[in-house]
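Visitor: based on what follows, work out the 3D shape:
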Amino acid sequence: MGTDFRIARWLIEPGLNTVSRNGTTVHLEPKVMEVLVCLAQHAGEPVSKEELLQTVWPNTFVTDDVLKRSISELRRVFEDDVRESRIIQTIPKRGYRLLVAVEPVIGAKRLSPGLRGQESTTVGRDWRRLALVSGGVAALLLILLAAFYVSSSGRVFGKNADLQIRSIAVLPLQNLSGDPSQEYFSDGMTDALITDLAQIGSMKVISRTSSMQYKQTRMSLPEIARELKVDGIVEGSIQRSGDRIRITAQLIHGPSDRHLWANTYEGDVADTFGLERSVTQDIARQVQTRLMPRAQTEATQPGPTNSKALDAYLQGNYHLQRYGRGGGVEEMKKASDFFQQAIDADPKFAPAYFGLAYAHDALPLVSREDSAIARKAEETGLTLDPDSPQGQTIRAGNEWRHLDWSGAEKEFRRVLALNPNNAAAHDDFCELLGEMGHLDEALNECQIAQELDPNNDHLASILYKRGDYEHAISILQLMNERHSDDAALHYLLFECYVKTRKDEDAVAELERTLTLYEFSDAAARIHHAFSSSGFRAAMLQWGKEIEKAQESKQVYMPVNIADAYAVLGQNDRAFYWLDQAVEHRDAIAVGIPATFLRTDPMLESLRSDPRFKDLMHRIGLPP
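Guide: Numbering: from 1, shown residues only. Modelled structure (predicted):
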C-alpha cells in the first residue's frame, strides 16, 4: 500500500512517513510506518510476528522487542490503550491486528499546512476541476510543496517551520539489540551525541548527567522539556547486530511534542562514530534553520580505527558512569582495564588515554603508581589530540594542580570559549574563581553550570563558601531527595549544618555520609559519641575516625581532619594536617583538596593565624 489512506480520523501518508489529524502532523520512523502499512494491508486480520518481521526487516536479524517498540509507538500516535485496544489489538503469542477499517485516499491533494488532517479531495468531479487549473496556479502548488521539504531526510510541516530551537536535550538512546548487556553501547552513543552537539556554539545543550536520568522514564516529552527548560528534544534508538549498526534519531519540539525531523543511519560498527557525527550534523542543520546567527557545527569526537577499540572504550565509559552513580571501586578498576584494552587495540585513540587517566585519578586513595599512570596517560592523550575538549579540560586541571592559578584561569576560559555547553568545566572554573577571590564571577559560572545540568547540584558549594548557608541548605535538601545515595551532597549538608549550629542535623548527615562510603562502623561510633557526650565529642570522634582510616591507607583526607579540629578549636592539630595537605597535595582524591583552603568556611577560625597566611603563600594565593 504505497498510496495515502485513512484510519478513523487519521490521514496516513507512507511516502512522507507522516500521520496527521486536526492540523497536527507526527513523523514516524520509516520502519514504524512499514509496520503500520503491513497491518493496514491486512486490516481486520491477524498478522503474525514472523510475517511482520520478515516484511519490514527482510534479511536482517532483529528481536521481537524491536517490533514491540514499533507497535508501542503506533499506539502512542493513535492514542490507543493496550488494555482496551481500539486501533491495534495484540493477539497473545501470535501477532497483531488492525481493528479499524482502512479507507484509501486516491488522488489526494497535498493540503496547505492549516488544512492538513481535514477531508481530502478524492476521485470524481474534483480531480477534473483540478485538471482545468491554469499552469500558473499548478506551478504555485508545486512551489508550495517544495517549500515544505526541509531536507532529503526529514520534513517539517505547518507551524513546525516556525518553531525555534535555542536549547536541546538528548534523551538516552534506546537499546534495540534485545540484549541488556549492550546498554553500554547505547549509553556511549548517547554520550558521544551530547558531546558533539554541545559544540554548537549558538545553542544550549543539557549535560549528559541530567539527560541520562530520563532513561526509561514515563514522563511525557512536554514534561521533560518543561523540567529541563529546553525547546528541542532528541530521542532515538540504536541497534547492533554483529558488525552492523543502525541509529535512528528524531528531533522534537518539546513544549508542543511536534516532530520536526527524523532519519535512520546504517553502517559498520567500526564506523559508529562516523554515523554518530552524521546524526549530529543533520540535527545541527535542522537547528540552523531556526537559529540566528547560524550555529557552529563542527564535531571533534574522534573515532578509533577498529571495532575492538570502540567496544572497549564504550565499556570503559559505562563503568565510569556506574562508579559516578554510587558504584564501588571495582567499577573504576573495570573501567581502567577496558580503557587499557582500547589503547592496546588502537594506540592512537586519544579519548581512551583520557579515560584511563581519570580512572586512576579519581580513586578514593590515589597511590604514587596511580598518579604516574594518570600523568603519563594525560600526556599521551594531549600529544595525540591537543585540541580535544577532554584534553583541554585536563590541561586546565593540570595547571591548577601545579598551582599556576593564572595559567589555569586562561585554560578554563579557552575551554569554555570553544565549548560553552561544558557544565563540568563551568563548575570547575567556578571553584577556581572562588579560590582566587572572584566570588561574584564564580557564582555566575556555577549558575551557568546549573542551567546546563539542572538535575544535579552546582550551586550549593559556592553559596556555602559565600556564607549563604540557608540557601545552600535548601538546595541540598532538594537534591538529596533526588539523589539520596550521593555521599558528597550529604557531606556538604553536614558542613552547612555545622556552620548554622544545627548540631543534631549535622551529625545525622555525617553518619549518612560515612554509611554511604561504607564506613558504617565509624558512623555508629560517632552516633554513640553524640548520644552520650554531645556535639564536641562527635567531632572529636570524627577526627579520630579519619586519622584511623588514613593509617590503614583507606583514604587520604588531611583537610577534612583539619576541619574537624578547627571546629573544636584545636588549632595546632588542625595546622599539622593542613601542612600535610599542602605537602602531599597530589595524593588527595576524595577529600577536600589543598587548593580549596582559602574559602573553606570550616577553617574560618584559623585565618587570622600567621600560619594560615604562610599556607596561602605556599599555594600561591593571597591570604
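Visitor: name the residues that touch stretch 497-517?
Guide: For stretch 497-517, the external contacting residues (C-beta atoms under 8 Å, 6 or more residues apart in numbering) are 326, 364, 464, 469-470, 473, 485-487, 490-491, 493-494, 520, 522-523, 526-527, 530, 534-535, 538, 542, 545, 567, 590, 601-602. (Each C-beta comes from the backbone N, C-alpha and C, glycine too.)
Visitor: repeat that for 6 Å
Guide: Applying C-beta atoms under 6 Å, 6 or more residues apart in numbering, the contact partners of stretch 497-517 are 469, 487, 490-491, 493-494, 522-523, 527, 530, 535, 538, 601.
Visitor: which stretches of the chain form strands?
Guide: 5-7, 10-13, 18-21, 24-27, 47-48, 88-91, 95-98, 102-104, 167-170, 174-175, 204-205, 232-241, 244-253, 258-268 (DSSP state E).
Visitor: tell me which other helices or strands the second one touches.
Guide: The helices and strands touching strand 10-13, judged by 3 or more C-beta pairs under 6 Å, 6 or more residues apart in numbering; DSSP states H and E, are strand 18-21.
Visitor: give me that answer again for 10 Å
Guide: The contact analysis (3 or more C-beta pairs under 10 Å, 6 or more residues apart in numbering; DSSP states H and E) places strand 10-13 against strand 5-7, strand 18-21, strand 24-27, helix 30-41, strand 102-104.
Visitor: just give me how far the last one sits from the chain centre.
Guide: Right, strand 102-104. When C-alpha coordinates are averaged (C-alpha atoms, centre = their mean, to the nearest Å), strand 102-104 and its chain have centres 43 Å apart.
Visitor: any idea of the mean pLDDT in that strand?
Guide: For strand 102-104, mean pLDDT is 85.
Visitor: and it, what does it pack onto?
Guide: Checking 3+ C-beta pairs under 10 Å, 6+ apart, strand 102-104 ends up next to strand 5-7, strand 10-13, helix 30-41.
Visitor: pLDDT weak spots in the stretch 501-623 of the chain?
Guide: Residues of the stretch 501-623 of the chain meeting the criterion pLDDT under 70: 587-590.
Visitor: show me where it has helices.
Guide: Using DSSP state H, counting those that start in this stretch, the helices of the stretch 501-623 of the chain run over 503-516, 520-533, 535-551, 558-568, 571-583, 610-618.
Visitor: flag every buried residue along the first one.
Guide: Buried residues in helix 503-516, defined by neighbour count with 16 or more other C-beta atoms under 10 Å: 503, 505-516.
Visitor: measure Ser608 to Asn571 for me?
Guide: For Ser608, the distance to Asn571 equals 11 Å [C-beta to C-beta, to the nearest Å].
Visitor: so which of these two has more stuff around it?
Guide: For Ser608 versus Asn571, the count of surrounding residues by other C-beta atoms under 10 Å is larger for Asn571: 16 against 9.
Visitor: skipping its backbone neighbours, what lies nearest the more buried one in space?
Guide: Excluding its sequence neighbours, the residue lying closest to Asn571 (C-beta to C-beta, 6 or more residues apart in numbering) is Leu606, at 6.2 Å.
Visitor: mean pLDDT for the strands of the chain: which is lowest?
Guide: strand 24-27 (a mean of 80).
Visitor: so what does that one touch, helix or strand wise?
Guide: Here strand 24-27 touches strand 10-13, strand 18-21, helix 64-77, strand 244-253, strand 258-268, going by 3+ C-beta pairs under 10 Å, 6+ apart.
Visitor: partners of that strand, with directions?
Guide: When pairing is defined by DSSP bridges, strand 24-27 lines up against strand 18-21 (antiparallel).
Visitor: now the strands of the chain as JSON lines including distance to Asn421 and mean neighbour count?
Guide: Below are the strands of the chain laid out as JSON lines (distance: least, C-beta to C-beta, whole Å; neighbours: other C-beta atoms under 10 Å):
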{"stretch": "strand 5-7", "distance to Asn421": "41", "mean neighbour count": "22"}
{"stretch": "strand 10-13", "distance to Asn421": "36", "mean neighbour count": "21"}
{"stretch": "strand 18-21", "distance to Asn421": "32", "mean neighbour count": "21"}
{"stretch": "strand 24-27", "distance to Asn421": "26", "mean neighbour count": "21"}
{"stretch": "strand 47-48", "distance to Asn421": "45", "mean neighbour count": "17"}
{"stretch": "strand 88-91", "distance to Asn421": "40", "mean neighbour count": "15"}
{"stretch": "strand 95-98", "distance to Asn421": "42", "mean neighbour count": "21"}
{"stretch": "strand 102-104", "distance to Asn421": "46", "mean neighbour count": "16"}
{"stretch": "strand 167-170", "distance to Asn421": "10", "mean neighbour count": "26"}
{"stretch": "strand 174-175", "distance to Asn421": "24", "mean neighbour count": "20"}
{"stretch": "strand 204-205", "distance to Asn421": "4", "mean neighbour count": "24"}
{"stretch": "strand 232-241", "distance to Asn421": "13", "mean neighbour count": "24"}
{"stretch": "strand 244-253", "distance to Asn421": "17", "mean neighbour count": "22"}
{"stretch": "strand 258-268", "distance to Asn421": "20", "mean neighbour count": "20"}
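Visitor: can I get those strands in JSON lines including distance to Asp81?
Guide: Below are the strands of the chain laid out as JSON lines (distance: least, C-beta to C-beta, whole Å):
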{"stretch": "strand 5-7", "distance to Asp81": "16"}
{"stretch": "strand 10-13", "distance to Asp81": "16"}
{"stretch": "strand 18-21", "distance to Asp81": "17"}
{"stretch": "strand 24-27", "distance to Asp81": "18"}
{"stretch": "strand 47-48", "distance to Asp81": "20"}
{"stretch": "strand 88-91", "distance to Asp81": "10"}
{"stretch": "strand 95-98", "distance to Asp81": "15"}
{"stretch": "strand 102-104", "distance to Asp81": "21"}
{"stretch": "strand 167-170", "distance to Asp81": "28"}
{"stretch": "strand 174-175", "distance to Asp81": "22"}
{"stretch": "strand 204-205", "distance to Asp81": "35"}
{"stretch": "strand 232-241", "distance to Asp81": "22"}
{"stretch": "strand 244-253", "distance to Asp81": "22"}
{"stretch": "strand 258-268", "distance to Asp81": "22"}
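Visitor: nearest to Gly437 among those would be which one?
Guide: For those, proximity to Gly437 was assessed by C-beta to C-beta; strand 204-205 is nearest, at 28.8 Å.
Visitor: each with direction, which strands does that closest one pair with?
Guide: The strands beside strand 204-205 in its sheet (DSSP bridges) come out as strand 167-170 (parallel).
Visitor: hey, C-alpha coordinates of the strand it pairs with in CSV?
Guide: Taking C-alpha atoms only, strand 167-170 is exported to CSV below (Å, rounded to 0.1, in the frame of the first residue of the first chain):
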residue,chain,number,x,y,z
SER,A,167,18.2,24.7,23.7
ILE,A,168,18.2,21.0,23.4
ALA,A,169,18.3,17.8,25.5
VAL,A,170,19.3,14.3,24.2
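Visitor: wait, Ile373 sits on Ser367?
Guide: Yes: the criterion here is C-beta atoms under 10 Å, and Ile373 meets it with Ser367 at 9.4 Å.
Visitor: between the two, which contacts overlap?
Guide: Common contacts of Ile373 and Ser367 (C-beta atoms under 10 Å, 6 or more residues apart in numbering): His360.
Visitor: follow-up on the earlier one: as JSON lines, the helices of the stretch 501-623 of the chain with distance to Val32 would be great.
Guide: JSON lines is the format used below for these (distance: least, C-beta to C-beta, whole Å):
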{"stretch": "helix 503-516", "distance to Val32": "43"}
{"stretch": "helix 520-533", "distance to Val32": "50"}
{"stretch": "helix 535-551", "distance to Val32": "55"}
{"stretch": "helix 558-568", "distance to Val32": "54"}
{"stretch": "helix 571-583", "distance to Val32": "58"}
{"stretch": "helix 610-618", "distance to Val32": "63"}
